[in-house]
Each structure stands twice: as C-alpha cells, then as structure tokens.
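**Q** Give me a 3D structure for the following:
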Amino acid sequence: VVATVMSNLGFVNAMRDAGVAVRQTAVGDRYVLEEMNAHHYSLGGEQSGHVIMRDHATTGDGILTALHVLEQMTLTGRSLADLASVMTRFPQVLVNVPGVDKTRTDDEALLAAVAAEEAALGDTGRVLLRASGTEPLVRVMVEAATEQVAGDVADRLAKVVRERLALS
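**A** Numbers count the residues shown, from 1 in each chain. Next comes the predicted model:
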C-alpha cells in the first residue's frame, strides 16, 4: 500500500500487523500515484480520504472507494465499524508555524529537539516536521498515544521552530 507521510500511525501499524508493507511518499496524490506506477502497486491514498485503486482509476474516486467498501461489507457480513476496528487511530495534532524561514528546517538545534521528542515517544508516536509546499509556514505534526501528549510535544516543537527559524 502506498500512503503519504501524513497517514495515521494507526494505519501503518494495522497494515504491519496484517503483513502489508506501507511505502510512504510526500503529501499529494501525484506522489502516491508516481510510487504506485513505479512499483506496480494497485492501492494507495492519502489521509484526506483520496484513495487510488490503480486497476480502476488513476485518481482518488470517492464513489469507487465507497462501492468497494460496501462490497466488502456485503461479502463478509461485517459492519463498517467492525471492518474499521482493525485500526486504532492515534491522536494527531498539527500546529502550523507562520512567520518563519521554511527553507531552514535542517537547523541542527531544531533537528536535535525533534530527535529528542521522537526518542521520548518511542514506538508510541512520531513527529513530522515539514515546510508547507503551498504556504509560508512550517508544519509540526505529532502523533502519540493520547491527544494531551501529542499536543504537548507539538507545542514544544512549535516553540523551537519559532525561536530557531524566526525571520530576521
């Protein structure tokens, strides 16, 4: 399965537990489709709900996705809630930090702060720090076992981003 770096850690874990490898790409349907085409994968998508089934279409198609989900419900006799229960969604907090130099996300002190937070989270969460491709800001995304932990880590890292990448 091809998914973007913004895909929920719960999805990645559920796929791993089912023996399905997940290849992650940059954010955007374009990157998902490129990876699918390069390796002849049939399924990919984004957290936004865009699901690409390459055997049927080259773009996300909500109606096509819904029909396939309904087919699985019919074939298995399981409810949507039951089918979805194989995944435990991790709380995800996203903080947008405007007014900073988004070209400097490789700042050593910032990367050290990210590494320290990731080490503290261990297998129970993750950090994604990335410059927005469409806006003049840096995005700090944190997933953790609880929303409180995710929010605390995101706030701490957003503060470091503001301090280290402030525009002069």
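
**Q** all contacts plus neighbour counts: C-alpha atoms, from now on.
**A** Noted.

**Q** tell me what the longest helix anywhere in the chain is packed against?
**A** When the chain is parsed with DSSP state H, its longest helix is helix 147-165. Helix 147-165 sits against strand 92-98, helix 108-121, strand 137-143, with contacts defined as 3 or more CA pairs under 8 Å, 6 or more residues apart in numbering; DSSP states H and E.

**Q** Report pLDDT for the residue lying farthest from the centre of the chain.
**A** Distance from the C-alpha centroid of the chain peaks at residue 168, with 31.4 Å (CA atoms, centre = their mean). Looking at residue 168, its pLDDT stands at 71.

**Q** contacting residues around it?
**A** If you count contacts by CA atoms under 8 Å, 6 or more residues apart in numbering, residue 168 has none.

**Q** ok, now residue 117?
**A** By CA under 8 Å, 6+ apart, the contact list for residue 117 reads 127, 153.

**Q** can you check residue 53 too?
**A** Per CA under 8 Å, 6+ apart, neighbours of residue 53: 42-44, 59-60.
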